[in-house]
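A.B. asks: Take this sequence and fold it.
(2 chains)
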Amino acid sequence: MKAEIITGAEIAIRSLQKENVKFVFGYPGGAVLNIYDAIFQQNSFKHVLVRHEQAAVHAADAYSRATGDVGVALVTSGPGATNAVTGIATAHMDSIPMVIISGQVPTHAIGQDAFQECDTVGITRPCVKHNFLVKDINDIASTLKKAFYLASTGRPGPVLVDIPKDITAETAEFIYPEEISLRSYNPIKHGHTGQINKALELLVNAEKPMVYSGGGVVLGNASESLTEFVKLLGLPITNTLMGLGGFPASHDNFLGMLGMHGTYQANMAMQECDVLLAVGARFDDRVIGNPDHFLAKPKKIIHIDIDPASISKRVKIDIPIVGDVNLVLKELISAFKEQQNKNCKVTDSGWLQTINQWKSKDCMRYEDDGTEIKPQKVIETLHKVTKGEAFITSDVGQHQMWAAQYYPFNKPRRWINSGGLGTMGVGLPYAMGCQLAFPESQVACVTGEASIQMCIQELSTCKQFNLPVKIINLNNRYMGMVRQWQEFFYGNRYAESYMDALPDFVKLAESYGHVGMKIEKSSDIKTALQEAFSPKLKERLVFLDFITDQTENVFPMVPNGKGLSEMILADDAEDL
Amino acid sequence: MRHIISLLMENESGALSRVSGLFSARGYNIESLSVAPTEDHSLSRMTIVTSGSDEVIEQIIKQLNKLIDVVKVLDLHDGDHIERELVLVKLKANGQHRDEVKQLSNNYGGRIIDSSENILTIEFTGTSTELDNYLKSLNDSLIIEIVRTGASGIGRGDRILKI
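C.D. replies: So this is what the prediction gives:
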């Protein structure tokens, strides 16, 4: 049978259909008009029109984080592409599988400083897993196939495909390759058996073992295997910010999040353990603090990761296991089940008792006299009202940390935030991506009055697509995390961290056709949240503007460059 | 320590900037870099001279391998290898200097490839250290222009970088 002759734009659209794409987040412009014309004439996927290209990429990114599928964004050339860069870099830092299609000026105009021309491939090169400039219509389908393959295999990441306008108008045969292989790209899947056995022996014989898992467990769909393995050996475990939900927070072995704003017990156990198992995590500065301090207490480190370059990058690894985390964990489970000795030393070494003593310090306690609204209480109440089942997206700052600390996640892919790049403004577009993926689920965007204004225009998108997300605005009239650092480390000189001239968020929400609520009393937190999540408002976006205590800080805190056990706790803060 | 890293990568536009961008983005040293297509025209071979601790070199190699277009990477310092670099030097060679320049060039095994009344251009090939020594031996005031290619390297005997 002869292949059909269609335009380059139609080839691009058909390719997306072949990849079972359900949503494309985008914004039209000159260079992508042919593609938009082809979108107009199809109905296999839904195009979500955002109000700024940055939000298109963020929403596609969140769609991917929530579902595990490849997120797709479509932007035009020049400013369309440059606006998308923040979104692409955000996805890249957190290894999110995405395909971004950008329009480019016609091939003959490339390099002529044409209208809306920029070197998109050059600009995005450092913040993508890979990118392509397609110069021949016959390469559109195979390039898109490669893009989806690269984005979703190995260590995932965003892949950009730049398509000049002229080749979207030309015609050619549509042949979508069934399979693709690249001689230069062969991600390792299975872990090395010898290394796996060595790791298991170390863990079984460790007196003070500890498990630390990150975003790789969530991305690698390995949380069930991780949970089984950790329970099997009775190990204590912590999750990174990106790894929350990778192990059920309600389980006794869970010590909470670790790192700069991690719990006392998690950070102490990381510091004091004798064998550490790291799974899909990368020992970054916000997680282990000062690496020399971290290693000052001798420990053997086992590291399971799909990316060989993550091994021994910041901390020397004793037993590296490169492979798909889920497969490696399964291999560890079967190796453990096969072995004779199933007695792990941790059961009677006294280590778990030591950890329980650390837990009893109750490091997450906060003062609450019931008058001013405590942000922590808002999150705790949100958890109760949503029964811990909501998708929680967040922006970046204090509210992000409180959401991570006070909303325990029992399932992966429920906690959606920008961990690596720390991009303010992601919260609302992230909520859009989740709500579109799961229209029947509750989606809450935990944000602050500074972050929310970085993508506030998306309230309009939410109206157009009827996305009933609940915006939990922890409004302390400060860029809270900046203020906290200025209070601790800059002698209370609050340089430019005060949010003056704030809008009336209730009226703002209403002007977009949504529901706005302002909550000023601690006693009103619960009723406001209950109302927002009530059946009456199920179909509506509700903007809850919580006027919170301006002086509240995030504790515990490991100051920048310090070691994990050098935390400042809320109780010590007065001595600062 | 100084390392010579050889790599094969897809001969695609932008491939060079992926490698050079990696070095600048991650703050790695790059002393020289040379690149040209191989006998298989779909592949380019690149020779990178860099320096760093063992940990840094290990990371450089891992990061290079991570680039999608990179097919194979070899640290030539892991075994016996041969290194060559070429330099072209344009020297003032008038009057009494002319013989001095010719003599020195002969001593080091250089070759005069262009000559005019007052100027000689000499080609010299060797290891980068040999080139350094040769250039140091020249009278600075005679040097008009120097062009170096950066090192190329190849394994000795049956040490081969091929796919």
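A.B. asks: how far away is the most far-flung residue of chain B relative to its centre from B:E117?
C.D. replies: In chain B, B:G95 marks the outermost C-alpha relative to the chain mean, sitting 33.3 Å out by CA atoms, centre = their mean. From B:G95 over to B:E117 the distance is 11 Å, taken as CB to CB, to the nearest Å. C-beta here means a position set from N, CA and C on the backbone, and glycine is covered the same way.
A.B. asks: Ramachandran coordinates for residue 37?
C.D. replies: Unless you meant another one, I'm taking chain A. In this entry, A:D37 is assigned phi and psi values of phi -60, psi -40 (degrees, to the nearest 10).
A.B. asks: hmm, I had chain B in mind actually
C.D. replies: When quoted as degrees, to the nearest 10, the phi and psi of B:P37 stand at phi -70, psi 160.
A.B. asks: ok, A:G388 touching A:L382?
C.D. replies: No. Using CB atoms under 8 Å, A:G388 and A:L382 do not qualify as a contacting pair, with a distance of 9.5 Å.
A.B. asks: Specify which residue of these two has the higher count of neighbours.
C.D. replies: With neighbours defined as other CB atoms under 10 Å in any protein chain shown, A:G388 and A:L382 compare such that A:L382 has more, 26 against 17.
A.B. asks: My reading is that the more buried one lies in a helix. Confirm?
C.D. replies: Yes. A:L382 forms part of a helix when assessed by DSSP: H, G, I helix; E, B strand; the rest coil.
A.B. asks: quick one: pLDDT of it?
C.D. replies: As predicted, A:L382 sits at a pLDDT of 98.
A.B. asks: ditto for A:T263
C.D. replies: The predicted local distance difference test score for A:T263 is 97.
A.B. asks: For chain B, which residues are neighbours of chain A?
C.D. replies: Taking CB under 8 Å from any CB of the partner chain, the part of chain B that reaches chain A is made up of B:9-10, B:13-14, B:17-18, B:21, B:25, B:55, B:58-59, B:62-63, B:65-66, B:68-71, B:163.
A.B. asks: follow-up on the earlier one: how far away is the residue farthest from the centre of chain B from chain A?
C.D. replies: Look at B:G95 and chain A: by CB to the nearest CB, to the nearest Å, they are 49 Å apart.
A.B. asks: Just the pLDDT for that residue.
C.D. replies: In this model, B:G95 is scored at 85, pLDDT.
A.B. asks: and if you look at the one 10 residues further on?
C.D. replies: Taken from the predicted model, the pLDDT recorded for B:S105 is 88.
A.B. asks: Likewise for A:N267?
C.D. replies: pLDDT, the model's per-residue confidence, is 97 for A:N267.
A.B. asks: which ones are touching it?
C.D. replies: If a contact means CB atoms under 8 Å, 6 or more residues apart in numbering or on different chains, then A:N267 has A:258-259, A:556, A:558, A:564-565, A:567 as its contacts.
A.B. asks: Now do the residue in the stretch 301-450 of chain A positioned nearest to chain B: how many residues are near it, please.
C.D. replies: Sorted by distance to chain B under CB to the nearest CB, the residues of the stretch 301-450 of chain A start with A:A309, at 4.0 Å. As a burial measure, A:A309 scores 19 neighbours (other CB under 10 Å).
A.B. asks: So how do I select the buried members of the residues of chain B next to chain A in PyMOL?
C.D. replies: Applying 16 or more other CB atoms under 10 Å in any protein chain shown to these, the buried members can be selected in PyMOL as follows:
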select buried, chain B and resi 9+10+18+58+59+62+63+65+66+68+69+70+71
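A.B. asks: taking the residues of chain B next to chain A one by one, which sit in helices?
C.D. replies: Within the residues of chain B next to chain A, residues falling in helices by DSSP state H are B:17-18, B:21, B:25, B:55, B:58-59, B:62-63, B:65-66.
A.B. asks: List the residues that contact A:C445.
C.D. replies: A:393-395, A:427-428, A:430-431, A:452, A:469-472.
A.B. asks: what's the pLDDT at it?
C.D. replies: Listed pLDDT for A:C445 reads 98.
A.B. asks: pLDDT on stretch B:26-37, on average?
C.D. replies: For stretch B:26-37, the per-residue pLDDT values average out at 95.
A.B. asks: Brilliant, that's me finished.
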